[in-house]
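Visitor: next comes the sequence, and after it the predicted model I'd like to discuss.
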Amino acid sequence: MTFRLEGRGLGCERDDRWLFANLDLTVGPGEMLRVEGPNGSGKTTLLKILSGQLTEHDGELRWGGQPMRRSRTTFLANLLYLGHAPGVKAALSPLENLAWYQALNGERGSESARMTALDEIGLCGFEDVPVGQLSAGQQRRVALARMLLSPRPLWVLDEPFTAIDRQGVAALETRLQAHVVRGGSVILTTHHELAPMAALRRVALGVS
Ligand SMILES: Nc1ncnc2c1ncn2[C@@H]1O[C@H](COP(=O)(O)OP(=O)(O)OP(=O)(O)O)[C@@H](O)[C@H]1O
């Protein structure tokens, strides 16, 4: 199966206002799709549709050439979604958060792999501190560490650079590009300007 996500004629209406309509897009192995647009243009809404969380919309999604209603289970098994909020448990440490997240996804993982991921993401020395005591950028890094552990090919990332310092942004961009070069796919929103890369496509919302 080719891990390609396709949207045909996508549309979503909120409060009698069309955020977007008749939108066609596709992302497959080795490709990155950036969803652009001003605040309120529907970027998060589109990412929720593309990650299967929001099913009330116009148009059709296909995964691996099959309609989503038939391929949803394999689609979800291949998806890593990181939302707008870090989505971490404040009472748990970074190590415990990663173990909890992996357990939720049916992935066993190992303590040493989790330590390595936290080290790589810049949280060395904070592995056992309750996440609620970490800074906003550090909490975001805990969420981003999931990417380093995940074998899943399709990453859908809503504003992954939020609260991350300049050095962290550069490291994260390198990580995203490496995932794409290895044959993975990335769909993301960001207000940060990405470094040019051949595999980058764009879809713009909120432009008339
Ligand atoms: N569940 C909902 N019910 C009603 N309206 C909603 C709902 N979710 C989002 N909206 C509205 O849809 C519009 C688009 O929201 P969305 O979060 O997708 O925008 P965005 O482009 O991601 O914005 P930002 O750049 O500020 O994060 C907003 O006007 C929002 O109020």
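Guide: Thanks, I have the structure now.

Visitor: only C-alpha atoms from now on, for both contacts and neighbour counts.
Guide: Fine.

Visitor: and the protein, which residues reach the ligand?
Guide: Applying CA under 6 Å from any ligand atom, we find that the chain lies next to the ligand at 14, 38-45.

Visitor: and these, which two are furthest apart?
Guide: Arg14 and Pro38 (16.1 Å; CA to CA).

Visitor: Thr55 against Leu46, yeah?
Guide: No - assessed by CA atoms under 8 Å, Thr55 is found out of contact with Leu46, at 10.7 Å.

Visitor: so which of those two has more stuff around it?
Guide: Leu46 (22 against 12; other CA atoms under 10 Å).

Visitor: what about that one, which SS state?
Guide: helix (DSSP: H, G, I helix; E, B strand; the rest coil).

Visitor: quick one, grab the pLDDT at it.
Guide: At Leu46, the pLDDT value in this model is 98.

Visitor: shaky segments in the protein?
Guide: Within the chain, the ranges that satisfy pLDDT under 70 run 1, 208.

Visitor: if we can go back for a sec, which ones among the residues of the chain next to the ligand lie within strands?
Guide: Arg14 (DSSP state E).

Visitor: could you turn the buried ones of the residues of the chain next to the ligand into a ChimeraX selection?
Guide: Listed next is the ChimeraX selection for buried residues among the residues of the chain next to the ligand, using 16 or more other CA atoms under 10 Å:
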select :41,42,43,44,45
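
Visitor: show me which of the residues of the chain next to the ligand is closest to Arg141.
Guide: Thr44 (19.9 Å).

Visitor: distance of that closest one relative to Gln139?
Guide: 20 Å (CA to CA, to the nearest Å).

Visitor: same check, this time on Leu23
Guide: Taken as CA to CA, the span from Leu23 to Gln139 is 34 Å.

Visitor: so which of those two has more stuff around it?
Guide: For the pair Leu23 and Gln139, the greater number of neighbours falls to Gln139 (23 against 16), based on other CA under 10 Å.

Visitor: neighbouring contacts of the helix or strand containing the more buried one?
Guide: Using DSSP states H and E, Gln139 maps to helix 136-149. Residues outside helix 136-149 that contact it (CA atoms under 8 Å, 6 or more residues apart in numbering): 80, 82, 86-88, 94, 97-98, 101, 109, 113-114, 117-118, 121-123, 131-132, 160, 162-165.
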